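J.: structure for this input, please:
(one chain, ligands or ions: 1)
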Amino acid sequence: MQVAKVQFLQDSILNTSPPSTHPNMKSISNANQDSISSAYASWLGKHPSALDNFDQMMSIAKGKEIVVFLDYDGTLSQIVDDPDKAYMSDSMRAAVREVASCFPTAIVSGRSRDKVSEFVKLRNVYYAGSHGMDISTPSGSSKYGNQKHQTKTVDEKGKQVVNFHPAKEFLPTIQKIIKVLKENIKKINGSSVEDNMFCISVHYRRVKNEKDVGVLKEIVESIMKSYPNFHVSGGKKVMEIRPNVNWDKGHALMYLLDTLGFDNSDDVFPMYIGDDKTDEDAFKVIKRIGRGFPIVVSSIAKETKASHSLRDPSDVMAFLVRLAKWKKSLVRRT
Ligand SMILES: O=P(O)(O)OC[C@H]1O[C@H](O[C@H]2O[C@H](CO)[C@@H](O)[C@H](O)[C@H]2O)[C@H](O)[C@@H](O)[C@@H]1O
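T.: Prediction:
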């Protein structure tokens, strides 16, 4: 199976590579592809496929309280050029719905909570937006919250919810930064600023000219020098601007576990699936807990704290379908 996957990767790399006409070019590019494939094969040895290792993983998880955490972009939806069009397929939605009917399930995204919930459109999951700086749950965490950060409110369906906002005080400055950024980068064709509520994304996937990408980065870095309470990090063709609060997707995972009543449970078993740098914070937390599976979505070898891997969102969907079936088969047997 593993060999078949490597072959698949080789095929897809070969199919997507630009044609090389010069014979020397061809051998250089083949050599590159060989080394990419062998790097991926040896990486897979360290971060085995969660699909190929499903039975072994479930023999460890059996009898534990599995809680599922899912990143959105690049995990539940394909990476696309236009961030506003990163839709989730109906089949993926059905898979997430199934999983959420079996285990507590949360979506943890860099997007604003409103936007990610508009994409996902499921009621049986919890949502954490703005890289975990905007969490909404039926009750609050007494351990991680305090009066300042938690607000009791009523959602659009009239249900009591507790919203957790550790970066609330930064909201006015974030709006100011968005305005300044928009004004200053509008001359860079293809760039865009996304308001993620408690953080900001500056996108450059659609900026055609490499030089312009450099200029954009300089402009953003220079603007952000005036805002020392914020930091800039990189993602997938995006600059992520976040306030300096000690809160990330790892903290969000702990907050959700606590709120859902699993904080002191020796049986809790978090599974977190994500593709990006910001998901590594949650992977680290799972490693620290010493129980659970951090699963990275990647079809190339990369530095990660994840124990297992899935190649792409279609692998993620297959894994979720299998996970729900596994749980249902256990329930039928008992
Ligand atoms: O935590 P996530 O849910 O993975 O969000 C991370 C960022 O994802 C989005 O940007 C990425 O996906 C876009 C759509 O496929 C793509 O166009 C962009 O290049 C990627 O960086 C989202 O738009 C950002 O706001 C999120 O921070």
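J.: check contacts around the closest residue to residue 207 other than its chain neighbours.
T.: Excluding the flanking residues, the one nearest residue 207 by Cβ to Cβ, 6 or more residues apart in numbering is residue 190, at 4.0 Å. Bear in mind the C-beta positions are built from the backbone N, C-alpha and C, glycine included. Neighbouring residues of residue 190 by Cβ atoms under 8 Å, 6 or more residues apart in numbering: 204, 205, 206, 207, 208, 212.
J.: got the contact list for residue 313?
T.: Neighbours of residue 313 in contact, by Cβ under 8 Å, 6+ apart: 74, 75, 76, 77, 78, 92, 297.
J.: mind listing what the fifth one touches?
T.: Remark: with contacts taken as Cβ under 8 Å, 6+ apart, residue 78 is in contact with 86, 312, 313.
J.: of those residues, which are in range of the ligand?
T.: Among these, proximity to the ligand is found for residue 86 (Cβ under 6 Å from any ligand atom).
J.: make a markdown table out of the contacts of residue 78 and add pLDDT and secondary structure.
T.: Putting these into a markdown table (pLDDT from 0 to 100; DSSP: H, G, I helix; E, B strand; the rest coil) gives the following:
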| residue | pLDDT | secondary structure |
| --- | --- | --- |
| 86 | 98 | coil |
| 312 | 98 | coil |
| 313 | 98 | helix |
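J.: and the contacts of residue 78, which is closest to residue 220?
T.: Nearest to residue 220 among the contacts of residue 78: residue 86, at 21.6 Å, using Cβ to Cβ.
J.: for the residue nearest to the closest one when sequence neighbours are not counted, what are phi and psi?
T.: Spatially, and ignoring its direct neighbours in sequence, residue 86 is nearest to residue 77 (4.5 Å; Cβ to Cβ, 6+ apart). With angles defined as degrees, to the nearest 10, residue 77 sits at phi -130, psi 150.
J.: got the CA positions of stretch 137-150 in CSV?
T.: Extracted C-alpha coordinates of stretch 137-150, given in CSV (Å, rounded to 0.1, in the frame of the first residue of the first chain):
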residue,chain,number,x,y,z
THR,A,137,-19.5,26.5,23.4
PRO,A,138,-22.7,25.8,25.3
SER,A,139,-20.8,26.3,28.6
GLY,A,140,-17.5,28.0,29.5
SER,A,141,-14.2,26.8,30.9
SER,A,142,-13.6,27.9,34.5
LYS,A,143,-10.0,27.0,34.2
TYR,A,144,-9.1,29.0,31.1
GLY,A,145,-11.7,31.7,31.2
ASN,A,146,-12.2,34.7,33.4
GLN,A,147,-14.8,37.4,33.5
LYS,A,148,-12.8,39.4,31.1
HIS,A,149,-12.6,36.8,28.3
GLN,A,150,-15.9,34.9,28.5
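J.: brilliant, that's me finished.
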